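Engineer: Sharing a sequence plus its predicted fold:
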Amino acid sequence: PARGLRWLRLRGVGDGLAPAAPAPPSLTPSHWRLSVGEVESVVQAAKEDKASLPAAWREHRYELSLVTKAVAEEDVASA
């Protein structure tokens, strides 16, 4: 796959250390379809950042896995 370095700034995420909101009283099954270019998963933080700033996870650079056309098509086919 093609790889490149891109800057990603997360906004509106609030305080990552705040307690989570209470769970709803009942589960509503759902599945959100993946779109090309979305973040599929966070792979790992840069090793240098983890070593130099061990407790500052918000300052680390992260490797991300993005949704490709093939992954999106696989997601549709698995429904």
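Structural biologist: Sure, I can see it.
Engineer: longest helix anywhere in the chain?
Structural biologist: The helix that spans the most residues within the chain, counting by DSSP state H, is helix 69-77.
Engineer: Return it as PDB; C-alpha atoms alone will do.
Structural biologist: Presented in PDB, the C-alpha positions along helix 69-77 are these (Å, rounded to 0.1, in the frame of the first residue of the first chain):
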ATOM      1  CA  LYS A  69     -11.300   0.900  -1.600                       C
ATOM      2  CA  ALA A  70     -10.600  -2.900  -1.200                       C
ATOM      3  CA  VAL A  71     -11.300  -2.700   2.500                       C
ATOM      4  CA  ALA A  72     -14.500  -0.800   2.000                       C
ATOM      5  CA  GLU A  73     -15.700  -3.300  -0.600                       C
ATOM      6  CA  GLU A  74     -14.900  -6.200   1.700                       C
ATOM      7  CA  ASP A  75     -16.900  -4.500   4.500                       C
ATOM      8  CA  VAL A  76     -19.900  -4.200   2.200                       C
ATOM      9  CA  ALA A  77     -19.600  -7.800   1.100                       C
END
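Engineer: residues of that helix that come out buried?
Structural biologist: Neighbour-count burial for helix 69-77, counted by 16 or more other CB atoms under 10 Å, picks out 72, 75. To be clear about C-beta, it is placed using only N, CA and C from the backbone, and glycine gets the same treatment.
Engineer: could you say what helices and strands it packs with?
Structural biologist: For helix 69-77, there is no helix or strand it packs on, judged by 3 or more CB pairs under 8 Å, 6 or more residues apart in numbering; DSSP states H and E.
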